[in-house]
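# this one's sequence-less:
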């Protein structure tokens, strides 16, 4: 999403995360995706890649300028990863019982957080930011994870509609991600 929002031209190589080519290990000792190769620089971990791209291509800025807001954005991304993405990984990789528990915890967390999504046009902000780039992919995957948002999550559904209709989001979807909507 950061790439699309900033209009950065890249060569994207889609790989099967469960059957990575050997070259990925040459660039990334953890063998994870995404992995970014920019000249002699090799980066992995989504948040690090997004922040690097935001600094390397400063317009439009996706992190706030002031240090307090920037720190809060980083904290939101950390919490999204630690709380929600961790549960998403448990749903995807756990046994049935563990996946069901993680699905329940994620839904409960989203219900509690729903009002936050309605307070501003973007996640905790009046401006589109790197935090939106962090949370949108998770929200896109909710149906695939077997999570249906109840009525009290209307602010999240409205947020999803806004974010999913942006050019940056639509351009960022891989073919496999586009199929998730079907």
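The structure has been received and is ready for your questions. Since the structure is predicted, the reported quantities are computational estimates derived from the model, not experimental observations.

# give me the domain ranges for the protein.
By the assignment in automatic domain parsing, the chain contains the domains 2-56, 67-180.

# tell me the most buried of those domains?
domain 67-180 (a mean of 16; mean count of other C-beta atoms under 10 Å). Glycine gets a C-beta too; all of them are placed from N, C-alpha and C.

# so for it, mean pLDDT?
Mean per-residue pLDDT for domain 67-180: 95.

# can you tell me the closest non-neighbouring residue to residue 73?
Closest residue in space to residue 73, ignoring its immediate chain neighbours: residue 131 at 5.3 Å, by C-beta to C-beta, 6 or more residues apart in numbering.

# find the nearest non-adjacent residue to the residue nearest in space to the middle of the chain, please.
The centroid of the chain falls nearest to residue 134 when counting by C-alpha atoms, centre = their mean (3.2 Å). Excluding the flanking residues, the one nearest residue 134 by C-beta to C-beta, 6+ apart is residue 77, at 4.7 Å.

# state the distance from the one you found to residue 23.
28 Å (C-beta to C-beta, to the nearest Å).

# circling back: contacting residues for the residue nearest to residue 73?
73, 76-77, 80, 122-125 (C-beta atoms under 8 Å, 6 or more residues apart in numbering).

# tell me the helices and strands packed up against the longest helix seen in the chain.
The single longest helix within the chain, with elements called by DSSP state H, is helix 96-119. The elements that helix 96-119 packs onto, with contact taken as 3 or more C-beta pairs under 8 Å, 6 or more residues apart in numbering; DSSP states H and E, are helix 86-93, helix 154-164.

# those helices: which one's closest to residue 59?
helix 154-164 (20.5 Å; C-beta to C-beta).

# other SSEs contacting the following helix or strand past that closest one?
For helix 154-164, the following helix or strand on the C-terminal side (DSSP states H and E) is helix 167-172. Helices and strands touching helix 167-172, by 3+ C-beta pairs under 8 Å, 6+ apart, are helix 2-6.

# please work out which residues outside the helix it packs on touch it.
So helix 2-6 is contacted by 8, 10, 49-50, 53-54, 57, 59-60, 62, 128, 130, 133, 167-169, 171-172 (C-beta under 8 Å, 6+ apart).

# pull the distance from that helix to the chain's centre.
Taking C-alpha atoms, centre = their mean, to the nearest Å, one finds the center of helix 2-6 at 13 Å from the center of the full chain.
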